[in-house]
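S.K.: can you look at this prediction? I've put the sequence above it.
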2 protein chains.
Amino acid sequence: MSRAFNFAAGPATLPEAVLRQAQEEMLEWNGVGASIVEISHRGAEFMEVARQAEADLRTLMSIPDDYAVLFLAGGATLQQALIPLNFAAPGQAADYVVTGHWGKTAIKQARTYVDARIAADGESSGFHDIPPRSEWRLTPGAAYVHYTANETIHGVEFRDIPDVGDAPLVADFSSSIAAEPLDVSRFGVIYGGAQKNLGPVGVTVVIVRRDLLERAGQPRADIMNYRSHVAGESMLNTPPTWNWYLAGLVFKWMLAEGGVDEFARRNARKSALLYGAIDGSGGFYRNDVVPAARSRMNVPFFLHDPALDAAFLKESKAAGLLALKGHRVLGGMRASIYNAMPEAGVQALVDFMRDFQNRHG
Amino acid sequence: MSRAFNFAAGPATLPEAVLRQAQEEMLEWNGVGASIVEISHRGAEFMEVARQAEADLRTLMSIPDDYAVLFLAGGATLQQALIPLNFAAPGQAADYVVTGHWGKTAIKQARTYVDARIAADGESSGFHDIPPRSEWRLTPGAAYVHYTANETIHGVEFRDIPDVGDAPLVADFSSSIAAEPLDVSRFGVIYGGAQKNLGPVGVTVVIVRRDLLERAGQPRADIMNYRSHVAGESMLNTPPTWNWYLAGLVFKWMLAEGGVDEFARRNARKSALLYGAIDGSGGFYRNDVVPAARSRMNVPFFLHDPALDAAFLKESKAAGLLALKGHRVLGGMRASIYNAMPEAGVQALVDFMRDFQNRHG
């Protein structure tokens, strides 16, 4: 068994301690005579796993009581369709701030249901910066304002929660949820796939301010109704139990490690180390995002000579550094350094990058 | 480690060999330096897992080439909403044959989008029988005819594929998919959550005749569009990779055991053994479904004296027979005996039932 440092963008590296526990419990969980994968979601045992996971996430993220927490199947993209269905009247205006690929996806899913207006768009800057709040064109009476807290592909991250007045703020936190302390009370809805910072793919966390659940929304099947999911405690239908359980193990691990305060410190150190290596390479490596908007989770970078890309990928893999190939939208390289990526992993990457530069520079 | 016989209705028992392989590979899969849970769905490694799973399911179920196979998140209930969205015009008539709880659920999810007509309803018989085909009131020009091949709660199963003329036949096979040979070419759509006969909860199989994908359907977000899912090879967004992988292991196990022909024989023997014990108990145990409609997958049964239910559940659990409590809709007991339930498990249950009757009869 030889585990490498895995820089994949999601599905992404998980804490080894979590994988070891999942491994130990795979054939029999907690003395019940069956795997956690095999037991009923409605039995007392799994209900307690689910309850504990929610309680731990509430502790981890300091989620106020007037917010419901859902654990749903379907991924963040499905939520991007459900948000207008649940929180906007048919054809009502909703504002979208676009700072990269996923902001565009959010609009694509919503457009069937709302008048999705681009309040600000970073595309003219090549998504290298966040349009300043003063330039956003918000629509009076908009159902909500949506933004992407961290752009997984473009490596652009909001450092502050934008003030958008009375409209509920809806944010895709798929790739930066629980990476640092967050004032949840500033949001109407926070959602995110678990597969980056919170656990395995297959379960999506939706945190909704309860008063929004009273909105009529639009005609939709019951399975697309957040109100029904809240009433059904995320068990309107059979939930992805193993994924939920594994996310719960990650929450426990994060709490034991010191919670989001500690991860904020580690993430600051890890990202500073990596950006420092890029910026200090004399142009051999390059990240194009303006420093104030750089993501602490996803670091896209380019070699000065793309002809070296193949060698970089081959040699890094041989050095035990996996999945550094950039997303096809951007090309180049990308290192995703979520909570579960140890500082030793980033150090190993930086060491490799220096060595590679020495040999190919 | 002590594994019991688990009669849960889904999530349900899995082949021990599959769990052992998943356990072995939990920290590192196939020498790639990471768990299968951690690697990119878009990498060559997982793409091959996905491709192989589809190929194996096609072999297992003899799925013709003019059918697309999808592996989706969200469960069968979500598909019950997506089916009218994709295959019916707004408000168009669609026929539903209701033979139990899940048939009613299918209508509930569809009603927002279609004129869901109950072509036949077993409720007047207490869902103890399937309304004869000759009494179905089919609507000329209906978008499709929907039925539930096996009712997990009421224990009612179609033994034959109904002939409904030109309308595409859409069937929920969640609890009986791949339990026996099936002529897929008779269907427009077959769908089912994997968590009963095919693997873990969190992934849903949808088998669609390709010509139906050309139907305009109704306005819907891209993530609700089967055509997009087919074009994106079930990776329109990040799929539930581990669940897909585990389903793939179950497909391989089923093929190695002899495929659906062999499971049909085992399922016939297992269900005959259990129904025989019930019917031969002199009324101590009772199943109310007419023999020709009895499910081979889910066997609900009642003790002649409900005051004995608690003792039955306590003693069966102590004897290593788990999750026999009936669904809350019906009460009583239920034994789910899917493909992965060994014949020894049903024999142990029947032995326990005789012993319990001797002691309490």
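M.R.: Right, received. Where do you want to start? Numbers count the residues shown, from 1 in each chain, chains lettered A, B, ... in the order given.
S.K.: pretty sure A:V97 contacts A:H146?
M.R.: Yes. If you go by Cβ atoms under 8 Å, A:V97 and A:H146 touch, sitting 6.9 Å apart. C-beta coordinates here come from the backbone N, C-alpha and C atoms, glycine included.
S.K.: who has more neighbours, those two?
M.R.: Between A:V97 and A:H146, counting by other Cβ atoms under 10 Å in any protein chain shown, A:H146 is the more crowded of the two (30 against 25).
S.K.: gap between the more buried one and chain B?
M.R.: Here A:H146 is placed at a distance of 14 Å from chain B (Cβ to the nearest Cβ, to the nearest Å).
S.K.: please apply the same query to A:D160.
M.R.: 28 Å.
S.K.: A:D355 too?
M.R.: If you go by Cβ to the nearest Cβ, the gap between A:D355 and chain B works out to 19 Å.
S.K.: where's that residue, which helix or strand?
M.R.: For A:D355, the element it lies in under DSSP states H and E is helix A:343-360.
S.K.: packing partners of that helix?
M.R.: strand A:5-6, helix A:259-279, helix A:309-318, strand A:321-322 (3 or more Cβ pairs under 8 Å, 6 or more residues apart in numbering or on different chains; DSSP states H and E).
S.K.: burial measure for A:I63, as a count.
M.R.: Neighbours of A:I63 using other Cβ under 10 Å come to 18.
S.K.: ok, the nearest residue to A:I36 once chain neighbours are set aside - contacts?
M.R.: Beyond its immediate neighbours in the sequence, the residue positioned closest to A:I36 (Cβ to Cβ, 6 or more residues apart in numbering or on different chains) is A:W29, lying 4.0 Å away. A:W29 sits next to A:35-36, A:39, A:45 when contact means Cβ atoms under 8 Å, 6 or more residues apart in numbering or on different chains.
S.K.: which residues of chain A fall in helices?
M.R.: With DSSP state H, the ranges of helices along chain A come out as A:16-24, A:44-61, A:75-87, A:101-110, A:226-231, A:241-257, A:259-279, A:309-318, A:343-360.
S.K.: buried deepest among those helices, which one?
M.R.: Mean neighbour counts were taken over the helices of chain A using mean count of other Cβ atoms under 10 Å in any protein chain shown, and the top value, a mean of 26, falls to helix A:75-87.
S.K.: can that helix be found next to chain B?
M.R.: Yes. Contact of helix A:75-87 with chain B (Cβ under 8 Å from any Cβ of the partner chain) involves A:75-78, A:80-81.
S.K.: what do you get for stretch A:232-242?
M.R.: Yes. When contact is scored as Cβ under 8 Å from any Cβ, part of stretch A:232-242 falls within range of chain B: A:236-242.
S.K.: which one of the contacts of A:W29 has the most neighbours?
M.R.: A:I39 (26 neighbours).
S.K.: didn't that one look like it was pressed against A:N30?
M.R.: No. Proximity of A:I39 to A:N30 does not meet the contact threshold set by Cβ under 8 Å, at 9.4 Å.
S.K.: flag every residue of the stretch 101-250 of chain A that's near chain B.
M.R.: Residues of the stretch 101-250 of chain A found near chain B (Cβ under 8 Å from any Cβ) are A:108-110, A:112-113, A:193, A:195, A:200-203, A:219-224, A:236-243, A:246.
S.K.: report the buried members of those.
M.R.: Burial of these was assessed by neighbour count (16 or more other Cβ atoms under 10 Å in any protein chain shown); the buried members are A:108-110, A:112-113, A:193, A:195, A:200-203, A:220-224, A:236-243, A:246.
S.K.: just those residues: which are in strands?
M.R.: The strands, defined by DSSP state E, take in A:G193 from these.
S.K.: perfect, that will be all.
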